[in-house]
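Here's a sequence, model it:
(one chain, ligands or ions: 1)
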Amino acid sequence: MSLQIHGLSKTFSNGKGIFDLRFEVKKGEVFGYLGPNGAGKSTTIRHLMGFMKPSSGSARIKNLDCWKESAAIQMHVGYLPGEIAFLEGMNGMQTLQLLGEMRGMKDLSLRDRLIDRFQFDVKTPIKKMSKGMKQKVGIVAAFMHDPEILILDEPTSGLDPLMQNEFIQLILEEKAKGKTILMSSHLFEEIERTCDRVGIIKDGRLVAIEEVKKLKEAQQKLFKVQVKSEEDLTRIKQSSLKVKSVNELTVKIDVQGNYDELIRTLSHCGITNIDIDNQSIEEMFMNYYDRRVH
Ligand SMILES: Nc1ncnc2c1ncn2[C@@H]1O[C@H](COP(=O)(O)OP(=O)(O)OP(=O)(O)O)[C@@H](O)[C@H]1O
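Numbering: from 1, shown residues only. Model prediction:
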């Protein structure tokens, strides 16, 4: 296991925090960490980076305790914070140079390739940079030393769609190289395209851990079928199909996985049109967000 969270709890003085979190991220896995605002994603990540001491439980990376052995851990990890704090008065390149020196980096070729890839002017003073530009500096800083583990807190916030796509490609390349990645996100598309599993956190508690592949298999499809006659409608209503609504001769049918009954029933009907809507992964996640946790 690359990363283990075992009964991790942190209670802030206002009673908020994270409570008894338990999950693991395997070597070579991309794990998405999802949840609404204030759910506890950044707090979990801060524990992984050794910036916060747990109230109880532990976070471990490469079998090292994240609080007690944070310096050793940071050598293996690339970290992109949710809110990046930069030193005043420096430009992008000076910032990356300083961070590189702190890591004792000799080979700067990956850094320079990343700068080219994310297309930003490194000579711009940080304080004049837009949020997206600062985010790009942060991405380069997280990846430039080719770390084996990446911990990324909302990595694409502030990036435009083109750059979000570039970032997704970068994650897929790193994944192919066997890197272990934990990333928090609000963006379902980026999770769907990159992650093997997702953990869903709400009010500081983990409400679900799912394989993205399984989620996709469980995806519901809504068939909007227009039939020729009232008799066709009756045939559909009398079947075991899950009819969601009927409007004149158009019927909406929910289908999940099993298509046999749908095909059998429709084969006896006159059909004038069929449209299919896929339930988005986002809608599926929303079901988890709405679940009450006791
Ligand atoms: N240092 C702190 N002192 C008190 N409360 C805190 C502290 N840090 C976080 N919290 C609270 O803990 C909860 C979890 O916050 P956290 O920043 O981890 O959420 P998040 O899931 O990262 O949210 P977002 O998506 O908005 O970034 C929130 O209610 C937040 O207000």
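
In this structure Ile73 contacts Cys66, no?
Yes. Using Cβ atoms under 8 Å, Ile73 makes contact with Cys66 at a distance of 5.9 Å. C-beta: built from backbone N, CA, C; applies to glycine.

joint contacts of these two?
Met49, Gly50 (Cβ atoms under 8 Å, 6 or more residues apart in numbering).

who's more crowded, those two?
Neighbours around Ile73 and Cys66, counted as other Cβ atoms under 10 Å, are more numerous at Cys66. The numbers are 27 against 24.

residue ranges with poor pLDDT in the stretch 1-150 of the chain?
Counting by pLDDT under 70, the stretch 1-150 of the chain contains no low-confidence residues.

Could you list the residues of it in contact with the ligand?
Proximity of the stretch 1-150 of the chain to the ligand (Cβ under 6 Å from any ligand atom) is limited to residues 12, 14, 16-17, 35, 37-43, 82.

Can you pick out the most distant pair from the residues you listed?
Asn14 and Gly82 (19.3 Å; Cβ to Cβ).

between these two, who's got more neighbours?
Between Asn14 and Gly82, counted using other Cβ under 10 Å, the more crowded position is Gly82 (15 against 6).

Which element, helix or strand, includes the more buried one?
In the assignment (DSSP states H and E), Gly82 maps to no helix and no strand.

which residues touch it?
Gly82 neighbours (Cβ under 8 Å, 6+ apart): Lys41, Ser42, Ile45, Asp153, Glu154, Ser157, Ser184.

again, only using 10 Å
Applying Cβ atoms under 10 Å, 6 or more residues apart in numbering, we find Gly82 in contact with Lys41, Ser42, Ile45, Arg46, Gly138, Leu152, Asp153, Glu154, Pro155, Ser157, Ser184.

can you put the residues you listed in a markdown table and add neighbour count and secondary structure?
A markdown table is the format used below for the contacts of Gly82 (neighbours: other Cβ atoms under 10 Å; DSSP: H, G, I helix; E, B strand; the rest coil):
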| residue | neighbour count | secondary structure |
| --- | --- | --- |
| Lys41 | 24 | helix |
| Ser42 | 17 | helix |
| Ile45 | 24 | helix |
| Arg46 | 19 | helix |
| Gly138 | 23 | helix |
| Leu152 | 24 | strand |
| Asp153 | 25 | strand |
| Glu154 | 20 | coil |
| Pro155 | 26 | coil |
| Ser157 | 17 | coil |
| Ser184 | 26 | strand |
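
Just to be sure, which of the residues of the stretch 1-150 of the chain next to the ligand are found in strands?
Among those, DSSP state E puts Gly17 in strands.

How are the strands of the stretch 1-150 of the chain distributed by residue range?
With DSSP state E, counting those that start in this stretch as the criterion, the stretch 1-150 of the chain has strands at 3-11, 17-25, 30-34, 56-61, 64-65, 77-80, 149-153.

I'd like to know which of the ones you listed is closest to Glu217.
Short answer: strand 30-34, nearest of the strands of the stretch 1-150 of the chain by Cβ to Cβ, at 17.1 Å.

Tell me the strands beside the closest one, with direction?
Sheet pairing of strand 30-34 (DSSP bridges) gives strand 180-185 (parallel), strand 197-202 (parallel).

For those, state which one has the densest average packing.
By mean neighbour count, with neighbours taken as mean count of other Cβ atoms under 10 Å, strand 180-185 ranks first of these at a mean of 25.

how much does that one deviate in direction from strand 149-153?
Calculated by axes from the mean of the first three to the mean of the last three Cα atoms, to 10 degrees, strand 180-185 forms an angle of 0 degrees with strand 149-153.

relative to strand 17-25, how tilted is strand 180-185?
Between the axes of strand 180-185 and strand 17-25, defined by the same axes, to 10 degrees, the angle is 140 degrees.

Restricting to C-alpha, output the helix or strand just after strand 180-185 in PDB.
With elements assigned by DSSP H and E, the helix or strand that comes after strand 180-185 is helix 188-194. The C-alpha trace of helix 188-194 is given here as PDB (Å, rounded to 0.1, in the frame of the first residue of the first chain):
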ATOM      1  CA  PHE A 188     -16.900  14.700 -12.100                       C
ATOM      2  CA  GLU A 189     -15.600  14.500 -15.600                       C
ATOM      3  CA  GLU A 190     -12.000  14.700 -14.500                       C
ATOM      4  CA  ILE A 191     -12.600  12.000 -11.900                       C
ATOM      5  CA  GLU A 192     -14.500   9.800 -14.400                       C
ATOM      6  CA  ARG A 193     -11.700  10.100 -16.900                       C
ATOM      7  CA  THR A 194      -8.700   9.500 -14.600                       C
END
